[in-house]
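Undergrad: one predicted model, sequence on top.
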Amino acid sequence: MKNRLLQKINEAKRKKRKLFCAFLTLGYPNVAATEKLIEGFASRGVDLVELGFPFSDPLADGPTIQYSSEAALKRGVAIQDAFRIVGRLRKRGVKIPILFFSYLNPIYHFGLREFPRRLKAAGFDGLIVPDCPPEEDKLLWQKCRETGMASVFLVAPTTRPERAQKIFARSRGFLYYVSVRGVTGARGSLPPDLAGNLRRLKRMSSKPVLVGFGVSSPSQVKRVASLGDGVIIGSAIVEKLRRAGGKLGPVFSFVESLVRSLHGSVQRRRV
């Protein structure tokens, strides 16, 4: 089975199409809702899903993701829930690329050698570990390569050019650009150095650069997409879910507005 993430990226390049990635916290507001959200996103024009595993000490996450992670952990969410959800979605024919986002500690306790194989078997396409750069835990990244899992790494505004080039070389699929100096969370405006930083990054490699951290509105999505190759939105989606009291309708409507700002329309599709 070819990697769905790499296929989607190649397709986007051919069609000169920007990519929209939606982040969800596994198990928030509950496991069943997570599964419905992924399937609903796939039918509403979302290109990629980043499924975040809740962790008690999320160093890169702001209050919104921290809140959702704490709520999910109180419900006893486990890594096996992620395997089961994605496995069921794949059996129903849902083809959207899904990346697993986790800090290193839960993966370490599961088993570095076994984890990429289990991800692949469940139907995941990539792995993002924000506190594990390419040089660390080489066994994990080696097993990702062996199993065909895409390893996606992060670059920040403070990353030096020579360092960014090394990270670009190790990223498989796309480069995750952290647009702000800080943690995740919706912001009222985009950083003033965003355009310049993205221009420099895009000169380094032909791999796409997706922008995350701080992007939260349709107008911001449109602006970021004009500079990079796509956007990743998490906190704004999770916050919409919280304010809706767990109801999925308002979240789907919000995501449709974001997709529309990127692609011009929302083409409902069967998954």
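TA: Received the coordinates, thanks. Residues are numbered from 1 along each chain as shown.
Undergrad: which strands or helices does the host helix or strand of residue 255 pack on?
TA: For residue 255, the element it lies in under DSSP states H and E is helix 249-263. The contact analysis (3 or more C-beta pairs under 8 Å, 6 or more residues apart in numbering; DSSP states H and E) places helix 249-263 against strand 19-25, helix 31-42, helix 218-227, strand 230-233, helix 235-243. Bear in mind the C-beta positions are built from the backbone N, C-alpha and C, glycine included.
Undergrad: want to throw the ones you listed into CSV with distance to residue 56?
TA: What follows is these, written out as CSV (distance: least, C-beta to C-beta, whole Å):
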stretch, distance to residue 56
strand 19-25, 13
helix 31-42, 18
helix 218-227, 30
strand 230-233, 23
helix 235-243, 17
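Undergrad: which stretch in those has the least confidence?
TA: Among the helices and strands packed on helix 249-263, helix 218-227 carries the lowest mean pLDDT, at a mean of 88.
Undergrad: doesn't residue 114 make contact with residue 107?
TA: No - contact between residue 107 and residue 114 fails when scored by C-beta atoms under 8 Å: they sit 9.8 Å apart.
Undergrad: more crowded one of those two?
TA: residue 107 (22 against 11; other C-beta atoms under 10 Å).
Undergrad: what residues of the host helix or strand of that one count as buried?
TA: Assigned by DSSP H and E, residue 107 belongs to helix 104-110. Neighbour-count burial for helix 104-110, with 16 or more other C-beta atoms under 10 Å as criterion, is recorded at 104, 106-107.
Undergrad: same list, these, but as a markdown table with pLDDT and distance to residue 261 please.
TA: Output for the buried residues of helix 104-110, formatted as a markdown table (pLDDT from 0 to 100; distance: C-beta to C-beta, whole Å):
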| residue | pLDDT | distance to residue 261 |
| --- | --- | --- |
| 104 | 94 | 34 |
| 106 | 94 | 34 |
| 107 | 96 | 34 |
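Undergrad: okay, these in JSON lines with distance to residue 87 next?
TA: As requested, the buried residues of helix 104-110 are arranged in JSON lines below (distance: C-beta to C-beta, whole Å):
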{"residue": "104", "distance to residue 87": "24"}
{"residue": "106", "distance to residue 87": "19"}
{"residue": "107", "distance to residue 87": "18"}
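Undergrad: which of those residues sits closest to residue 124?
TA: Checking the buried residues of helix 104-110 against residue 124 with C-beta to C-beta, the nearest one is residue 107 at 12.5 Å.
Undergrad: identify the residue spatially nearest to the closest one, adjacent ones excluded.
TA: Spatial nearest neighbour of residue 107, excluding adjacent residues (C-beta to C-beta, 6 or more residues apart in numbering): residue 115 at 5.2 Å.
Undergrad: where's the residue lying farthest from the centre of the chain, which helix or strand?
TA: Residue farthest from the centre of the chain, counting by C-alpha atoms, centre = their mean, is residue 162 at 24.8 Å. Using DSSP H and E, the secondary-structure element containing residue 162 is helix 161-170.
Undergrad: same question, residue 143
TA: helix 138-147.
Undergrad: what pairs with the helix or strand following that helix, parallel or antiparallel?
TA: Sequence order places strand 150-152 as the next helix or strand after helix 138-147, per DSSP H and E. Strands that pair with strand 150-152, judged by DSSP bridges, come out as strand 126-128 (parallel).
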